[in-house]
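> Sequence and predicted structure, then a few things I'm wondering about:
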Amino acid sequence: MATCFRCFTRVGPWKPQRKEGPRETPKNMNGIIPAQEPRVWPAPDKDADESASPSEKGRAEDTAIATISRSRRKFYWPRGYALCIFSLQNPFRRLCLTILSFEVQIQGEGCKVFDNAILLCILISCIGMAIDSPLADPSVTLTQVIRRGDQVFAVLFASEMVFKLVAYGLIWSENAYLKDGWNVLDGIVVMFTILDLSVEGSGAGFLKTVRILRAFRPLRIISRNQNLRVVAQTIFSSLQDLLSLMVVALLFLLIFALFASNFLSGRMYSCNIETGVWLRDLPDLRTPLCLGSGNEGMLLGSCLNGRYENSSVWQEDGCANCPSNSSAWARASVDTPICVGRCDPTKLPDDPDGPPEWLCPRPLTSAAELPSVCDGRDSAEYLANITAAELRGRQYMQAMSRMLVIPCGGTTVNASGVIVSAGLSCREAFCPEGVSAEEELRCKTNCEKHPFFCKESCEDEQSGACQSCRRECAAACECSQYCEPLMKDAALCAEQGGRWEEALSQSFDNVFSSMLTLFEMSSTEGWADIMYGACDSVEQYIQPIRDNSEWIFAPFFVVYMIFSNMFIINLSVGVIVDKFMDLKQSGKDSIILTRAQLKWLESQKLLLGQRRFFQVTDLDLMPLLRRKAYDIISSFWFETLILAAIAVNSALMAMTMFPARIDWWDDMMYVGKRCFSGIFTLEMLLKLYALRWAYWEDRWNQFDFFCVIVSLLGIVLEDTTTLNVTGVTSVFRVARLFRLMKYLKGVKKIFAALAASVPKLVNVGAILLLLLTLYSILGVSLFSTLKFSSESVQCNFKDFVQAFITLFRASTGEAWNQIMHDIARSPREIFASGDWCTPDYLFDTGPATFEVLSEKCLIERPNSCVNNWVLGQLIPLTYWVTYTLFVSIMIMNLVIAVILESYEEGKGENETEVVEYCTESWRRRDPDLKLFLPIDEAVVYITDALRYGMNLTGRKDFRKDSMPKWSTGRLTEIPMKFVNTLELPVTDDGQVHFLSALLQVLKLLCHKWDPDLIDEINHFEESLDPEMAAQLKMDKVLQARRQHLLKAEGSFYIKDHVAAMKIQRVLRDRRASRLPAEVTTGRKVAFQDSIS
């Protein structure tokens, strides 16, 4: 059957018959019908047919058929149809293709109108998002315009996605939408924007959070800028290696986190009062308390029964200082828990019933009930006019922040060891309905196996202290939502009126928090405080003691910092730098150039980058007075005098002090400032007179002129007005110190590397700016309404500017983790600290409640609680961890990579110093700066410059016989293998131009007289066409080379001149050898011999 199929499908000289009937004409991706060419099947190779076996012939035929089938298949369904609907002939698809591909010519380059229009819309949309804020007044016209404009842009971006889907298809076509990662990013942003529009004005709380994802819209700018895409490509290409490194780092982090959580869990706590009495003072102390009765006694909590005396004894006073009807009570043992009862501020109005309303009021239901945070809110006048709704809000906030120190179950033991019951307990007050039998059994079982509670009391399980302790533990477990059990020093702290809280924002209570804490330490932010806190820890529920565990945890954290910060973090720096270098090298490898060719290329770029080697030329044509002025400003002593004046002037400004300790100090500063201003003004005038227009071609001269004008203007203003502009003018006067870099080669190289890296850092800075913009918009959307502590009052996300400043500060590692923990505080933590926050469901800045919140100063001083749902506290942590990874580590290390690359390039290149030496050497040989030297002097000049260049580079790979050696100084004694390398044009009168000689010096330093390298460079120069020159950014080099060749057409080269002189000398020597000795005696030496 296969044989028959081959017979009918065999590729041969005949043409197959076309089927009758209409058939679609295939079009290209732009919707244009290609020109129809006659289909001619390839003729078979007779020789191949004769030599090939039947099986090989069959495989070749099958391959040809498969190729033809694939070429046809892309036009048929489904591959040739966008979204399986629109064919290449579909008018709507052709219209979309036309819109997307429409171009206009601007300065000879095609510019796609649609892409640039979308880019403009993205920029305008980003500006609108930066201006907008959840705290903006919705009634203001600008806010309304921005928010309506955002909806318009959402429709435009959705239309763009539809055009691309219809034009290119989703999956099948060659330029399918999903085959471009940037299109995937655009599509995700657009879909979330559409979802945002769909929930606009709805009450879907979770769906409203998708609005924050529109902040990713600035990332779309990257896909539309080639330079930004290169930087992004560097980041993305580094991710693969960084992920491998991250796996190692996570394993390493997990090991240390497990160790830390096992040994430090629950130990990083302390009491907020320093005057408490602890177990180290009285080992068996259980603070005697007085308990009230009834609802009133419950609201008052417990009262201290006596006080601690210096005699190391607690003196009870029989509840003399407590309310009436109070009864004495104390825990059965030091490890018996006492409960801190608190209401739950996270309950919603529609949640099931909890504690009674007299104990925990019902949640607030309207913004009018929120307390005011304006100044004077506690004044008598304000309280006299307070509304009933706000009064209820105040009572609610007081109830939520109230801390009741009461027994968990109300049991203890008397002096005889018998269990007695108190009339007050946390379980009965907060959980009066009780729990199920299963929950009660679970709590009882857990307390019998509890690792901390009742461990010492139940050494004798039949004792009353053990039974009372376990009952108290079970009572706390049965009402764990409201009753927090404490024992030992933690219980003493609560009993004596303090708060048992985390000593730091960081903790090691579980593996997740331990890994987060260790990650913060790896950024070196606050790691010393964490180490000292761990060194002071004792055990769970015990007040820390200074340096109690120093020899255990100090080495642990030191070892971790060595491995994490000095190894893992710096290794990530190495990965990014290495990837950046690889990408840079891969860009160079796209054009195959050898090392010598690259060096010659860079040398020509350096040479042509010089605007002017000599400020003026033809000094012999100058007037005498101007020549004298030029000699003065060019002299070494004049330059030394100016540099000394700059140094002394800077030292004088450094001695400015306030207030002046000596009476004549200000007068001396006044006179000194004017004297040095006169010196610099005289320098400027001399240079202007000597150099004329050439003065403005030097950047340093322009800077000096600006500094002199500013200084003179400042002096005039100070003498004629009361303005004090000393600070402004001093900045420019001190900036003259940069002129010292001409004589400090090491500093000059570093400054040159910095200057060379600035253009490269523009793209990296643009990526950094985009990320800062993205995270700023995200931060404003997420955290602008949250409550910040007083310690972070300057670090907030109220608007874009504040968010940008906060994030830029965090990019340097300055207290970023404190800001993270501050905004990640839960409502329980805020109320437990004695403060309060507005429930997030009430802080709605919509038109209905904005005025109410503004009147209560909650817009000016927002204090919303973080979202109470599962991801509420994870969002701030994720936000800051990703920001630290992307910005503080990746982008900042990419900046380091760029600077290192520029420094490495500058460190290995000594061509600049060679050019400077050649310039000064030429100035000595050509005093009038005619820029021409005779042939013999030019060769000596080149030889001298080559020796300097070889000594400067310290290379040992130069051939020993490469440098010419002559004893008489004649050109005819120079070896031809040296002369052949000098492609040095010579004028008709035997003169060599400065630029030609300098080019030869740089070229000889590149190929080092190696014949192979000479051929490489010559081949490169011959093959340098306009296309390659444009790709290498060598347009100026190509243009200069053409001009150089044109100039050389009317002249000859030095190698021709030397070869002719050598031939003439050989002929003269041979002729002289045939003459009698008396004829040659006394013969005068010819002029040609004297110069050769």
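Received, thanks.
> Tell me the buried residues in stretch 484-501?
Across stretch 484-501, burial judged by 16 or more other C-beta atoms under 10 Å covers 484-500. C-beta coordinates here come from the backbone N, C-alpha and C atoms, glycine included.
> let me redo that: stretch 839-853
Buried residues in stretch 839-853 (16+ other C-beta under 10 Å): Pro839, Asp840, Tyr841, Leu842, Phe843, Asp844, Thr845, Thr849, Phe850, Val852, Leu853.
> same question, stretch 121-138
121-122, 125-126, 128-130, 132-137.
> Stretch 739-754 now?
Lys748, Lys749, Ile750, Ala752, Ala753.
> what does stretch 339-353 give?
Quick answer for stretch 339-353 (16+ other C-beta under 10 Å): Cys339, Val340, Gly341, Arg342, Cys343, Asp344, Pro345, Thr346, Lys347.
> Tell me the span between the first and last residue of that stretch.
22 Å (C-alpha to C-alpha, to the nearest Å).
> got it, and stretch 356-365?
Where stretch 356-365 begins and where it ends lie 18 Å apart, using C-alpha to C-alpha.
> mind listing the helices for the stretch 451-600 of the chain?
464-478, 488-495, 511-522, 527-536, 550-563, 570-589, 595-609 (DSSP state H, counting those that start in this stretch).
> need the ones you listed in TSV with distance to Lys628 and mean pLDDT, can you?
Output for the helices of the stretch 451-600 of the chain, formatted as TSV (distance: least, C-beta to C-beta, whole Å; pLDDT from 0 to 100):
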stretch	distance to Lys628	mean pLDDT
helix 464-478	99	92
helix 488-495	88	92
helix 511-522	66	92
helix 527-536	66	93
helix 550-563	66	91
helix 570-589	51	67
helix 595-609	32	58
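> could I get these as a markdown table with distance to Ser270?
What follows is the helices of the stretch 451-600 of the chain, written out as a markdown table (distance: least, C-beta to C-beta, whole Å):
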| stretch | distance to Ser270 |
| --- | --- |
| helix 464-478 | 21 |
| helix 488-495 | 8 |
| helix 511-522 | 17 |
| helix 527-536 | 8 |
| helix 550-563 | 16 |
| helix 570-589 | 34 |
| helix 595-609 | 63 |
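> So which of those helices is nearest Arg148?
Of all these, it is helix 511-522 that lies closest to Arg148, at 40.9 Å by C-beta to C-beta.
> sorry, back to before: so which of the buried residues of stretch 739-754 are in helices?
Lys748, Lys749, Ile750, Ala752, Ala753 (DSSP state H).
> Looking at those residues, spot the one nearest Asp186.
Ala753 (37.8 Å).
> ok, the closest one touching Glu901?
No - under the criterion of C-beta atoms under 8 Å, Ala753 makes no contact with Glu901, lying 9.1 Å away.
> quick one on the thing from earlier: out of the helices of the stretch 451-600 of the chain, which comes closest to Glu829?
It is, among the helices of the stretch 451-600 of the chain and with distance given as C-beta to C-beta, helix 511-522, at 13.4 Å.
> Tell me how far that closest one lies from the chain's centre.
21 Å (C-alpha atoms, centre = their mean, to the nearest Å).
> about what we covered before: now intersect the buried residues of stretch 121-138 with the helices, please.
Those of the buried residues of stretch 121-138 lying in helices (DSSP H): Cys121, Ile122, Ser125, Cys126, Gly128, Met129, Ala130.
> Identify the residue spatially nearest to the last one, adjacent ones excluded.
With C-beta to C-beta, 6 or more residues apart in numbering as the criterion, Ala130 has its nearest non-adjacent residue at 4.3 Å, and that residue is Phe800.
> residues contacting that neighbour?
Ala130, Ile131, Ser133, Ser776, Ile777, Val780 (C-beta atoms under 8 Å, 6 or more residues apart in numbering).
> For these, name the two members farthest from one another.
Ile131 and Ser776 (11.8 Å).
> How confident was the prediction at Val881?
Note on Val881: pLDDT of 91.
> before we move on, which element is it in?
For Val881, the enclosing helix or strand under DSSP states H and E is helix 874-883.
> contacts for that helix?
516, 519, 775, 778-779, 782-783, 807, 810, 816-817, 819-820, 823-824, 866-867.
> just how off-centre is it within its chain?
Worked out by C-alpha atoms, centre = their mean, helix 874-883 lies 15 Å from the chain centre.
> do stretch 893-908 as well
17 Å.
> Only the buried residues of that stretch, if you could.
Under 16+ other C-beta under 10 Å, the buried positions of stretch 893-908 are Asn893, Leu894, Val895, Ala897, Val898, Ile899, Leu900, Glu901, Ser902, Tyr903, Gly906.
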